[in-house]
Every structure is written in structure tokens, then in C-alpha cells.
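*Asks:* output the structure for:
(chains A and B)
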Amino acid sequence: MFLINCPYCGERDQSEFSSGGEAHIERPKQPTELSDDEWADFLFMRKNIKGIQFERWNHSHGCRKWFNLIRDTSNDKIHGIYKMGEKPPKV
Amino acid sequence: MLDIKLPEFEKKVYPELELSLLEPSYKINLRGKNRDFFTKAGKLLSIMLPIESNTSANIKNINALWLSPDEWLIYGKDIDKNLEINLNNEISKLKYGSVTNVSDQWVIINFKGKNIFEVLSKGSPFNFNDFKGKKNVVVQTLLNNVDVILHHQEINDLNLFVRKSFSEHLWLWINDSSRFI
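*Replies:* As a prediction, this is how the structure comes out:
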């Protein structure tokens, strides 16, 4: 368990949030032109690294807004939080 | 056919705590973010929608709760029924935002007394330390794993909003917890 500082509501318990997986994965502009492997790569393949990862989170039991979070997956330490559309801070 | 019958909870009194149902109440969900939306909503409600997070505004019998940067809950007893029609005509139909009547979706349980936060703390992950000392503050959180909206309108006077389908379960849980304050 850890605390997340929602950029809209403030500091809340992790149980109020839902993880949306890795952030900054762009949807291909022309999906119909992709091969099956490329499409599968976009849909399913994630880095899932041990260490600092950029993630999307949703405050599902609060303001229901999406935002980005930089988290160290090895110890759940949060290195930064920023709104959707904003540039990620340097870590 | 939808069952819009409201639950019937009898008023309960515990040491330094009173629980009662605040129904029927009128509730409207407002969503929007452009300037015209704020102007129209402010004019029709005679109240400025709060833009600061976790706060509320009230005038006479109307309360406006901040839910997110582009969403508010308007509620109150004895609200003029034409308000919804006017909001629909001036906001929804002109596509400045959305207006939804959620009167039958949410049930309001009123808490009064010094032990409000003793009970809520038993089942919520939210830290009430700062919250309990302020009035006109709002928080959306979990209580016994049920989504709730808490409106602390006055010190030791709080309205809890819970979805109707969860209300009976939560009412029983609150009463059970209140017995052991």
C-alpha cells in the first residue's frame, strides 16, 4: 500500500486508484496498414521493467480523472506525477 | 421497469451521533468546462460553481459540490423543479455541457454529532484529520469498499451520498459500526 498524490484531489490511499498500465504508448495512426505482429506488439507487448516506469493511473473512486505517474516498481516509490498531455518531468 | 422507491431508514441515535435519511432530495449532476457553461450555470443557480478541489458552495437551499475539474453535484431539498428544465434548456440543449438528474441514483444519509469521524474512520482509507476541522468541504472516497461522497457542510454535520443499490448494505454497516464507538 502507498499514497498517491492525485493532481486534482490531493493525497489519497492507493486503494482509491486503478492502474492503467504503461504510459506514452501511441496508437498507430493507420492501424489497417500494420501487420498482425505489429498490431499485437502495440496491443499486448509492455516493458514491465523492474525500476522506474512511466504509468497511467485513474482516480477511479475519486475524481475519475486519468493522470501519469512515475513509479519505481521495485519499491513503489513515486518520482513524479503529471497530468495527461503534460510533458513528463526529468527523473 | 426501474425501481425508484427510496429506502426507508429510521432515524438512529448513538452516543454523540445521530443518523437519518435526508430524502427525498433533488440532485443534479452538471458537467462542462467552457466559459459559457460557467456563466449559464452561475446565472441559473445563483451560485458560482466551486473550482477549488474538494470544496462546496451553497446558497439558501442549493449546494454545489466539486466532484472533479469539470463535474459538480447540485443538491438540496425543496429545489424548484423548473431548475432542471432551465438548466437543460440553457446548458444541455445548447451543448455547453451536460445536465443529468441523479435524484434516484444517490441516497443521502445525514450524520450529526461529535463521533461522525470515529465511525467513518473505521472503514475508509481517507485521512480525516484536516477534513473534520473544516466546513463546506467535500471528498469522494470509499467507505467499507463502497463509493461515497462526503459533504461536511457544518462542523459535526455531514451528508453522505451513496448509490441507492448500496445504501441498505452501507446503512447496516454504519449502524453496526456506530454501536461500538
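
*Asks:* longest strand anywhere in chain B?
*Replies:* If you go by DSSP state E, chain B has its longest strand at strand B:146-154.

*Asks:* which other helices and strands contact the helix or strand that that strand is followed by?
*Replies:* Using DSSP states H and E, the next helix or strand after strand B:146-154 towards the C-terminus is strand B:157-163. Counting contacts by 3 or more C-beta pairs under 8 Å, 6 or more residues apart in numbering or on different chains; DSSP states H and E, strand B:157-163 is packed against strand B:106-112, strand B:146-154. Using the backbone N, CA and C atoms, a C-beta is placed for each residue, glycine as well.

*Asks:* how about the residues of chain A by chain B?
*Replies:* Residues of chain A lying close to chain B (C-beta under 8 Å from any C-beta of the partner chain) are A:8-13, A:15-16, A:61-65.

*Asks:* please repeat the previous calculation with a cut-off of 10 Å.
*Replies:* A:1, A:3, A:6-16, A:59-65, A:83 (C-beta under 10 Å from any C-beta of the partner chain).

*Asks:* could you tell me which of the residues you listed count as buried?
*Replies:* A:6-9, A:12-13, A:16, A:59-63, A:65 (16 or more other C-beta atoms under 10 Å in any protein chain shown).

*Asks:* among these, which are in helices?
*Replies:* The members of those all map outside helices under DSSP state H.

*Asks:* now the terminal residues of stretch B:110-118, how far apart.
*Replies:* Using C-alpha to C-alpha, to the nearest Å, the end-to-end distance of stretch B:110-118 comes to 15 Å.

*Asks:* and B:K135, what does it touch?
*Replies:* B:K135 makes contact with B:56, B:151-158, according to C-beta atoms under 10 Å, 6 or more residues apart in numbering or on different chains.

*Asks:* just the buried members of these?
*Replies:* Among these, those buried by neighbour count (16+ other C-beta under 10 Å) are B:56, B:151-153, B:156, B:158.

*Asks:* picking up where we left off before, need the helices and strands packed on strand B:157-163 in JSON lines with mean pLDDT and distance to chain A, can you?
*Replies:* Converted to JSON lines, those look like this (pLDDT from 0 to 100; distance: least, C-beta to the nearest C-beta, whole Å):
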{"stretch": "strand B:106-112", "mean pLDDT": "96", "distance to chain A": "15"}
{"stretch": "strand B:146-154", "mean pLDDT": "97", "distance to chain A": "6"}
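
*Asks:* could you pull out the strands for chain A?
*Replies:* Using DSSP E, strands in chain A cover A:3-6, A:10-13, A:18-22, A:52-58, A:66-72, A:77-83.
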